[in-house]
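Student: Generate coordinates for the sequence data below:
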Amino acid sequence: MKLFILLKTATTALRVNLLRSFLTMLGIIIGVAAVIIMVAMGAGAQQKVDDQIKSLGGNVFFVTGSFRASGGARASSVVKINEDDANLIEKQVPGVESAAPYLSANGQVIYGNLNWSTEISGIDNRYFVVRDWPIATGREFSTQEINSGAKVAIIGERIRQELFGVSEALGQTIRVKNFNVTVVGVLAAKGQDARGEDQDDVLFLPIKTVRNKITGIDSTNPKSVRFIQVSAYDGEDMDYIETEMTRLLRQRMRIPVNGDDMFRIRNVSEMIATRAETMQVFNTLLAWVASVSLVVGGIGIMNIMLVSVTERTREIGLRMAVGAKPADILTQFLIESIVLCGLGGAIGVVIAYLFVFLGNNYGIGAGGVIDSDVVLLSLGFSAFIGVFFGYYPALKASRLEPIDALRYE
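Tutor: Down below sits the predicted model:
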């Protein structure tokens, strides 16, 4: 009951100078909101990384050709990798689940009076395994279609929407470049990739079809491809797999011991995770900077509480004269300080939730994922600020002599 009375007294005293109380809380409000928003942005970035890695199909490598070294200088020609390299990687490198060759070109896709510009990709069914990309409707390519370079296509969700809308896409004939193909499958939606590009804006043809009809056959390397995408089984040592792929490709290309690699292997998952880690470090730094505003807000509260003690010296003396103990005075001013910080922290939490909500749903403010533990920690820290910076003014008030306080002008 006594605590309730002290709490009521404290809130009444704060309402007397409502504007001053609000301005005093601003440091705490901004600090709590900033800390929660910064941590939420970091968590949101990590979640996006996880989604991006998942959209790539898990543990993934990209193997591409590189510049041919000649006489210590880099020549303009590029050594291209081919389908045979993919087959060898899949068969001879332990831990590799699948290795999918990939060939591509850009072009117009036409259906009736509608057309759409997209990336035309040549693949085989291993690509869907590497990317962990299921067929939503229809089927994959048959072995005969892949080997013969048949005029069949599997399209992404974006192309299905743009060309067919609510109509059925399977079995329809669309024009790609200067030849017609039949749609045999529609892929499940993937969304954006790590670069923000729409993964569903794709059209897949058998790799031999793209080579024969669009890109042409390289006379020096008939089975050349743009890159090979390699997936590893879960739990495998990615560094070991990369080392083994490097060893195999160097041996296959007959590169001398001291010679430069004529290919590049990129661990995409690692690259994305590294970028996310850098962003997380940056966000953590910003969160620490934001935390400084909590300390600044605490100093402001100490300043206002000292002013309040000075303004209410006669009131303190009167309370002591009618029986209030020093501990009662200490508790009263300490509660006022805690109420200021606690209320400021609560307002800061509301603002943080609002910013994150607007960012996630409307692109306004800061998007991310708010952790309830961070919210509780921020509120607890704001209350601690109230105790820490409010204790000295409260102690000063409790040590006033009643007679001197009553005589204070």
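Student: Now the element after the helix or strand hosting Ile265, going C-ward?
Tutor: Applying DSSP states H and E as the criterion places Ile265 in strand 263-267. As assigned by DSSP H and E, the chain's next helix or strand after strand 263-267 is helix 268-311.
Student: how about the helices in the stretch 301-409 of the chain?
Tutor: Assigned by DSSP state H, counting those that start in this stretch, the stretch 301-409 of the chain shows helices spanning 313-321, 326-362, 372-398, 402-407.
Student: And the ones you listed, which one averages the lowest pLDDT?
Tutor: Looking at the helices of the stretch 301-409 of the chain, the lowest mean pLDDT belongs to helix 402-407 (a mean of 69).
Student: just to revisit the earlier point, show me what the strand holding Ile265 is packed against.
Tutor: Other helices and strands packing on strand 263-267, by 3 or more C-beta pairs under 8 Å, 6 or more residues apart in numbering; DSSP states H and E, are strand 59-70, helix 238-252. All C-beta spots, glycine's among them, are computed from the backbone N, C-alpha and C.
Student: can you give me the angle that strand makes with helix 238-252?
Tutor: 170 degrees (axes from the mean of the first three to the mean of the last three C-alpha atoms, to 10 degrees).
Student: List the buried residues of strand 263-267.
Tutor: Phe263, Ile265, Asn267 (16 or more other C-beta atoms under 10 Å).
Student: Report the strands that pair with that strand, each with its relative direction.
Tutor: Here strand 263-267 is paired, per DSSP bridges, with strand 59-70 (antiparallel).
Student: could you give the mean pLDDT of the strand it pairs with?
Tutor: On average, strand 59-70 scores 76.
Student: repeat for stretch 254-266
Tutor: pLDDT averaged over stretch 254-266 gives 88.
Student: can you check stretch 41-54 too?
Tutor: 69.
Student: before we move on, what about stretch 18-32?
Tutor: Per-residue scores along stretch 18-32 average to 84.
Student: Please identify the buried residues of that stretch?
Tutor: Buried, per 16+ other C-beta under 10 Å, within stretch 18-32: Ser21, Thr24, Met25, Leu26, Gly27, Ile28, Ile29, Ile30, Gly31, Val32.
Student: Among these, name the ones in helices.
Tutor: Ser21, Thr24, Met25, Leu26, Gly27, Ile28, Ile29, Ile30, Gly31, Val32 (DSSP state H).
Student: got CSV for those, with distance to Pro393 too?
Tutor: Shown next, in CSV, are these (distance: C-beta to C-beta, whole Å):
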residue, distance to Pro393
Ser21, 14
Thr24, 12
Met25, 16
Leu26, 19
Gly27, 16
Ile28, 16
Ile29, 20
Ile30, 22
Gly31, 20
Val32, 22
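Student: closest to Ser372 among those?
Tutor: Val32 (14.2 Å; C-beta to C-beta).
Student: Leaving out chain neighbours, which residue sits closest to Val63?
Tutor: Ile228 (4.3 Å; C-beta to C-beta, 6 or more residues apart in numbering).
Student: so where do the strands sit in the stretch 101-250 of the chain?
Tutor: 114-123, 135-138, 152-155, 173-176, 179-187, 202-206, 227-232 (DSSP state E, counting those that start in this stretch).
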